[in-house]
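In: sequence unavailable; structure follows:
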């Protein structure tokens, strides 16, 4: 029979130093992981907040652009009778916005009467017009001109200048 020997106690400090070093590395790794997670959360919150702000701003601008009560508010107003599914309406909208860029902010109001909504359809019916139409109103809300059909931005700019001069 073989005798089993008891393991000797180690008198060296190496294992204790290695264990302390391992614990320190674990704490450092945990700290790095925590900081990395915190950084990612802050970046994510910034991105989500930025996207949320952009979407909210877009919704507010869209609601404002479709507010037909702005006609006659003291600023000459261009109202586009618009069908969002109509390619001609979208082209007219692009040309109108391009023409409006030539004027100082606040000199002209731009409003959309969406014929897919009840208020937009009622507005178009009140003036007897179809989509792909621009209605030009003076500052008091009096209809000054009706532009039906597709127009280029140069022609629209001239019409808008006449509205302002009028």
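Out: Great, that's in hand. The shown structure was predicted, so the numbers you read here are calculated from the model rather than taken from an experiment.

In: first to last residue in stretch 79-93, what's the distance?
Out: Using Cα to Cα, to the nearest Å, the end-to-end distance of stretch 79-93 comes to 10 Å.

In: pLDDT at residue 3, what is it?
Out: Confidence at residue 3, expressed as pLDDT, is 62.

In: and if you look at residue 152?
Out: You'll see residue 152 listed with a pLDDT of 92.

In: leaving out chain neighbours, which residue sits closest to it?
Out: residue 95 (5.9 Å; Cβ to Cβ, 6 or more residues apart in numbering). C-betas here are computed from N, CA, C, even on glycine.

In: these two touch, right, the one you found and residue 157?
Out: No - with contact defined as Cβ atoms under 8 Å, residue 95 does not reach residue 157; the gap is 9.7 Å.

In: which helix or strand lies directly C-terminal to the helix or strand of the chain at the bottom of the mean pLDDT ranking?
Out: Lowest by mean pLDDT, DSSP states H and E among the helices and strands of the chain is helix 14-65, with a mean of 69. Along the chain past helix 14-65, the next helix or strand (assigned with DSSP states H and E) turns out to be strand 77-82.

In: flag every buried residue along the helix or strand residue 158 falls within.
Out: The secondary structure element spanning residue 158 is helix 153-165 (assigned by DSSP H and E). Of the residues in helix 153-165, 153, 156, 157, 159, 160, 163 count as buried by neighbour count, 16 or more other Cβ atoms under 10 Å.

In: between the residues you listed, which sits nearest residue 80?
Out: For residue 80, the closest of the buried residues of helix 153-165 turns out to be residue 156, at 10.6 Å, with distances computed as Cβ to Cβ.

In: how far away is that closest one from residue 108?
Out: Between residue 156 and residue 108 the computed distance is 11 Å (Cβ to Cβ, to the nearest Å).

In: if I look at residue 30, how far off is residue 37?
Out: Plainly put, residue 30 is 10 Å away from residue 37 if you go by Cβ to Cβ.
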